[in-house]
Structures are given as C-alpha cells and as structure tokens.
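Engineer: Need coordinates for the following:
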Amino acid sequence: MRYLKMTLDGVKGHCLLEMPTGTGKTVSLLSLILSYQLHHSDTGKLVYCTRTVQEMDKVVEELRRVMAYIKKEIKSSESGTSIGNKRRLSEAKDTSGRTERQHKRARGPAGTGTSSSASQSTALADIEALGSLTGSAPLGLASVGVEGMLGVCLSSRRNMCIHPEVSSFDNRNKVDALCRNKTAPFVRERGRREDLCDFYEEYNRSGSDAQLSGIFSLHDMMTLGHDRKWCPYYVARHMINRANVVVYNYQYMLDPKISGMVSREIEKESIIVFDEAHNIDNVCIEALSVTLNKRILRRCSENLRKLEGELKQVETKDATRLQAEYKSLVAGLNLTGAVGSGNDGGLMVANPLLSDDILREAMPGNIRRGRHFLAYLRALVEYLKGRLQAREVSVSYPGKFMGDLARETKIVEPRAMRFCYSRLNSLLKTLQVTDLDEFTPVQLVANFCTLLATYTQGFRVLHEPHDDRTPHIPDPKLQLCCVDASIAIKPVFERFRNVIITSGTLSPLNFYTKILNFTPKVSESLSMQLSRKCILPMMVTKGSDQVPISSKFEMRNDANCLKNYGQLLVELCATVPDGIVCFFTSYEYMEQVVCDWGRPESGILEQVQQHKLVFIETKDVVETSTALDAFKRACNCGRGAVFFSIARGKVSEGIDFNNHYGRCVLMFGIPYQYTKSRVLQLRTDFLQTNFGVPDRDFITFDALRQTSQCVGRVIRSKMDYGIMIFADVRYAKPDKMKKLPGWILQYLDTAHTNLSTDACVSVARKFLKDMGQPRSLKDEIGVTMLSQKQIYSRFANESKFAGGFAENEHDGKESKKTTVRTLKVKPMVEDELDLIN
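Structural biologist: Residues are numbered from 1 along each chain as shown. The predicted structure is shown next:
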C-alpha cells in the first residue's frame, strides 16, 4: 500500500507492482485508491481493467466489501466509536503541542496526503465535507460521497444483451450486427416497431438521463434492464462518464478500435489499474496486428461487389445523401471513424489508429466519391491476392511494402490508404448497411491498409505460404505484425495521471519496463508475509528410477519419461486429498501423454482413477465449463478429482482452485511458445535490436511467467495452502529459477530443487500433515494483521510508523529504508476480518 501511495502522490507517475497472488491484492488496491479518492477531490475516477468476466465479478465483490466497510466507519465516526476517533482520544492525553504536531504530520502536506492509517482515519472524518463541495465539480468519489458512489461494469453486447432474439447467438460479431440492425438511426426512422429493440427504445425515453448510484455487476445491469425495460449495454455506456469506479476489459483501454468509442471521454486525472497484467504486452500487440488469408480476401471481393450494388441504388433513389457525405468529407469531417459512439446506434468500432495518429485533414480527393473509393479498395485487394500467391516466405518493413504496392498497382497516392478505415465507416453509414457482420472481411482489409500506411516503425509485414508444422497443406497468410507493445500503451501512459500495472507474476520487472518502454515512478516486487509456510514449491527433475523428466522435444516420445510423469501423478493422487490440477505445455502434448497413459500396458489412468476422477479441458468453452463443475462436485463430495489443463489456456488464466479444489498444482514441462514461429522471431529480433533483450532470455521469460501463473492457482487466501510442483529437469537451471516470482522463491528450499518422485511424495506428505492442523484468522493477528491495541501502540511511535513518507519523501535513501521496514506489516483490525477471504 505504501508503494501505491507513493505512486498516487504528486502530479503524475506510474507504477509496476508484483504482489503475491491470493493475499488480498485486489482489496488492497481498492481500499487505498478509494480512500485516496475520498481524501483528494482532484482525483478522477478509478478505471479497473481485467481480462475476463469472472475477474470482473471478483472485483465488484471486493468493491462492495470495501465500500460497506467505509460506510460502517463513517457511521462509527459520527457516534465517536470509530478507530480514528479512539485514536484521537488517546492522543488527547499527550501535550497539546505534540498532539498538534502529530495531527499535521498525519494529514501530510496539502495536496499530497499520506499513506498511513492515521491519514486514512482523518480522511474518513472529512468525507462528508468532501462530498458536499460546490463550485467547479470535483472529479472523483469526493464529489458525491460514499452514498452517491457509482460503480459500473461494462462488457460486450454478447455478455449484456437481454433481447430474446439477439441474446440467443453466441458469436460476438453476429450479436453486434443484430443490435445495430435494431438500434441504428436509419432503422428507427423507418418506424417499423417490430424491427426495433424495445429495451433500447425505453432506454432512450427514460433511461438516457437516469441518475443512478450503487455498485452494478454485469448481472446487476441485466437485472436492472429487465426491471426497467432498459438496454443494459447502453445504460452501462451512459454510466461510464458519471461513474466513480469503472470495471471493464483491457481492450476497452488499449485497443484503439474500442477505446476510441468507449474511453475517449474519461478524464485525464483518472487512475488506471491493469490487474493480472503479466500478459499485457501480448494484448497490446494483438490490438494492432491483422492477419489476412485467401478466404478473407475472397469474401472481401464479395463485400465490394455488394457495396457497389448498394451504391448504385442510392445514387438512383437518394443522391442527396451521397452529396451530403461528399461535402462533409471535403470539409474534413467524419475522419476519426468514431461514429457509433455513445448511444446513437451507429457503427460498432472506431478508427484502428491511436488518437494522436489520426489525420486531422480533409479526405484525399481520389477516395471522396464512393465509387472511386470502392475501385481503390478493389485494386488493393487484388494486389494483396497476388502477394498471397508467392511460394516463398517474405518479411518486409511497411515502407518497403508500400513502395512495392505503389509501383505495381500504379496508385499515385498511397497516402490515401491512411484514410481507408474512416472512409469505409463513413460509406457504410451513408449506405445504411445492415447485417454489418457480413462486412467484417472488408473492414479487416481497411484496418490492414490503415495501419500499414500509418506506422513505419514497430511493424513488419510477413507472408507465409504455409504453416511450417504442416508444410504439405497450402495455407498462405499475410500478416501485419506489431512487434512493439509500447505503441498501444503509450497513449495511456501519456494521457492519464496514474497507471498501475500489477500481477502476481511480473518477474523480472525490468523486462516490462523494456518491452513497454516506460519508466515507472515505483517498481517493486513484494514478498509474501504469512504466519506459516503454506505453499510448498518443489522441482522434480527425475523419476524414482533416476531417469530425467522433461517435456523438451527430444524427450517427448521417451517411454521412460512418460512413465515417470505418470508415476509421479499416481503417487500424488494417493497422497494429496481432494483436488489436483495438472498443466501441460499444449493441447497436442496433453493428447500425446493422455493417450500413452491410457494404453492397457501402461495403466496409468486406471491407477489414477482408483484414487480420483479425471476431467480434461478442451478447446470447447461449454465442455470445459461442464468439466470444471463436475470437478468441483467431485471434490465437494470427498471423491477427489484431477483436472488436466493447458498453460496459456482459459483455466490457467481465469479460474481459481482455492482451498480443497487445488491442494496441488503439477506443471508438466516448461510452456515455451513455438520457437520456430516467424511472428515470435520478428518480435525477439525487434527486442534484441532496440532494447538489448536476447531472444533466448525473452522466450524463457515468457514461458516462466506462464508457469508462475499456472502454479499460482494453488493459493487464493491467507488460510489456503497447497503444493507447487515443477516437473522438468530444466527448472533447476539458474536461468530458469531466477525468473520465477520472488514470493515463490522465498519458500523454495534449496533441498527441494532436485527431487525424485519418491522424495517429492515424502516431502508432500509431511507438508500436508502440518497444514492439516486447525487454524483460524485470529492466529494471524500480530503476524500478518494487527489488532486495535497493536495499532494504538504503533501510533504512539508515530515517527516510526505514521511518519512514513510524509517526513522523508524528499530524501530518497531514507524514504526507501522506511518503506522496506513498514511494508512488512499490513495493518488490519479485528473488525476488518470480514474483508479477507
């Protein structure tokens, strides 16, 4: 919390924090940031970015707990029974001079505040006043107080739609298109009620100016929509600009096609949090990368033919509409591509370019007319089809590709390609096109051309005639690969006051400062403070027969290796109660191993099923969800179960195996990416050239962060415990071990870095016996939490605790010493036990 407070203090600064998983990371972030918002009226909203819907639900749950506690403290302060009032009564016994000095110190300098519990208590007493400020409207939670606080979740239409027909589809593009067909202005002007969405119409009549307060999860938004007949998606979009806390997906902040519509009006004073951000660089790269293939280009040609037909009909029946569009393009309007923003029912996405890179000038003359633009697109598509015919792999810079394109197509002004996406959006809107999902291919091509013509650095154009793993199957692809993750996140760093990047698996931190190309104000990896050693990391490098085990390519088909992996699982199933989760490096490897274990002569699966049931993650989301539910039921009834999953899969990223669901996590091998992937090679070449990061170091770093994320599923609270097993001889190498998070290494005994199967089982048996002893949260008081009495005694020594950074913030060395000393204690009181899971 103190490192986080250092980041928030001052004018602007960003933070990179690695916080141990399962020890209250989310509630710590929310507690401090909400308190800071209440104490500082110039602080904007909190935008909390997550990766999955499940994580959004968890954030909302923690947000409700924190706000309930703050409200309880406010009521207690009014009756004189709050922690802050008790402390002030205790301080009143001191001399008046000392009391005054302590009061000033606890408040800290004007506009900066302090991170101590004293300042938070003082802030609680000031909340009422902050909530009633007048004049220029404050930006954050202080402007409305806790009773008027508004927290909202936003997700895609697919996750929020309650229209009976539209919500029956699972495809995101299909849902978006059907929504537009019922809400677009030109559809509503026709007046056919059966074509409209009653929820959207009712929202327009009575919900667009609604003043709501409270905390709304996705389910709450849908319930509100059913109760008031409002569209949940558009209500949430409407509430974002008024909300004090917004929770949504990374793409709503990082992907310019989405952020240009959803997040463009969020004030620059806001605090942005990227939680579970270990893969944030991959999200940034995917947001600006485009892949084209034969099927997409063939369908794009069909799209162009259909648009030409639509254009001819409009020219015949309503030429004034086209003339109005032409005049607006001459004047330089409609260039941002942000049509469809707000609740106007327009197009679904904004310009793929970052806001600072969008041209603010009139549309080039050769594409202002609709028929000229379509002819221009057709020439581009035909050229791209020709590039796909090449039989050799090629890599080129955007400038070189543009030069070849201009020379072979005789396009005089390739600069017009920068306007392709904006011009296409304008044309689709002018033609009043319905079924927008049908035109996804032409939008992809326009996206490709716009990005290609705009960015000369950080991108590569890659052509592959086939996949190297299946060279006998022609599958040509043309990829515009973003190799610089900093391009997408740079506007976020520049625009907002504070950006906090946090996860339990960010080691080593210096990799993120390089690949995201920023200098954080605070960059720290925090250790895990627990009253007992509740996690047991072990590295199993060999079987009981002393034969090494590994998932590396040379050993994947080794019968002894597969047998030793199976025997390790059998022994653990006989030893570990309840749930065991196993992670494999890929679906292909899991299929190979499971098939080998299932052979009658092997008998591994049969032995496993004598102790536990077996469930497997598949590529089908519904099947995986069903398997997870059955896995938990088996653990709940005492039968026990094993879940086979994939590193980098859905289960490894968003599912918690807390308590008895995950007493042991077993990682089979090291989940390296496909190292011969040319896209990966392009990225590693860029990192080595520009940041001096060796390709092998980055590949190992990426594999180890995925490993850490998998094994981190085992512990989700202070009362939880579990075993982490790294089953590969390569984990014992120093270059691999040092890339594991510090909170795992601090519990990794040197004697446990080169174990055999039987030694591992022996250590696990002793650990489980120790952990099985009764324990309650009260046992944590005085170790990882503080009682009220302990807090009072520490406040008596305010120079050592409450002084903190307020006294030493201008003395870098002394401030750092104070930070390290005080961070070892997380002040909690008995009344706060309900905030901890």
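
Engineer: So I162 lies in a helix, does it not?
Structural biologist: No: secondary structure of I162 (DSSP: H, G, I helix; E, B strand; the rest coil): coil, not part of a helix.

Engineer: ok, for it, nearest residue in space, not its chain neighbours?
Structural biologist: G225 (5.0 Å; C-beta to C-beta, 6 or more residues apart in numbering). Bear in mind the C-beta positions are built from the backbone N, C-alpha and C, glycine included.

Engineer: Could you report the pLDDT at the one you found?
Structural biologist: As predicted, G225 sits at a pLDDT of 90.

Engineer: what's near enough to touch it?
Structural biologist: By C-beta atoms under 8 Å, 6 or more residues apart in numbering, G225 lies in contact with 162, 199, 231-232, 235.

Engineer: if we go to 10 Å?
Structural biologist: 160-163, 199, 202-203, 207, 231-236 (C-beta atoms under 10 Å, 6 or more residues apart in numbering).

Engineer: In CSV: these, plus distance to R663 and neighbour count.
Structural biologist: Below are the contacts of G225 laid out as CSV (distance: C-beta to C-beta, whole Å; neighbours: other C-beta atoms under 10 Å):
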residue, distance to R663, neighbour count
M160, 36, 23
C161, 39, 24
I162, 40, 19
H163, 44, 20
F199, 45, 25
E202, 50, 15
Y203, 48, 24
G207, 48, 22
C231, 44, 29
P232, 39, 28
Y233, 40, 28
Y234, 45, 24
V235, 43, 24
A236, 39, 24
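
Engineer: Show me those that map onto strands.
Structural biologist: Using DSSP state E, no member of these sits in strands.

Engineer: nearest to Q607, of those?
Structural biologist: M160 (46.5 Å; C-beta to C-beta).

Engineer: Mind pulling up the pLDDT for that closest one?
Structural biologist: Looking at M160, the pLDDT reads 90.

Engineer: which stretches of the stretch 51-200 of the chain form strands?
Structural biologist: 150-153 (DSSP state E, counting those that start in this stretch).

Engineer: one step back: I'd like to know which of the contacts of G225 is nearest to D545.
Structural biologist: M160 (55.4 Å).

Engineer: Flag every buried residue along stretch 583-594.
Structural biologist: Within stretch 583-594, the residues scored as buried using 16 or more other C-beta atoms under 10 Å are 583-586, 589-590, 593-594.

Engineer: ok, now which ones touch T409?
Structural biologist: 376, 379-380, 382-383, 386 are the contacts of T409 under C-beta under 10 Å, 6+ apart.

Engineer: at 8 Å instead, please
Structural biologist: 379-380, 382-383.

Engineer: who's V540 bridged to?
Structural biologist: For V540, the beta-bridge partners are A727, L755 (DSSP bridges).

Engineer: My guess is it contacts C760. True?
Structural biologist: Yes: contact criterion C-beta atoms under 8 Å: V540 and C760 qualify, at 4.9 Å.

Engineer: Now do the shared contacts for those two.
Structural biologist: 568, 725.

Engineer: Show me which of those two is the more surrounded one.
Structural biologist: V540 (28 against 25; other C-beta atoms under 10 Å).

Engineer: Roughly how far does the more buried one sit from Q211?
Structural biologist: 59 Å (C-beta to C-beta, to the nearest Å).

Engineer: Filter the buried residues of stretch 583-594 down to the ones in helices?
Structural biologist: Counting by DSSP state H, the buried residues of stretch 583-594 place 589-590, 593-594 in helices.

Engineer: Just give the nearest non-adjacent residue to E201, would you?
Structural biologist: R188 (7.9 Å).
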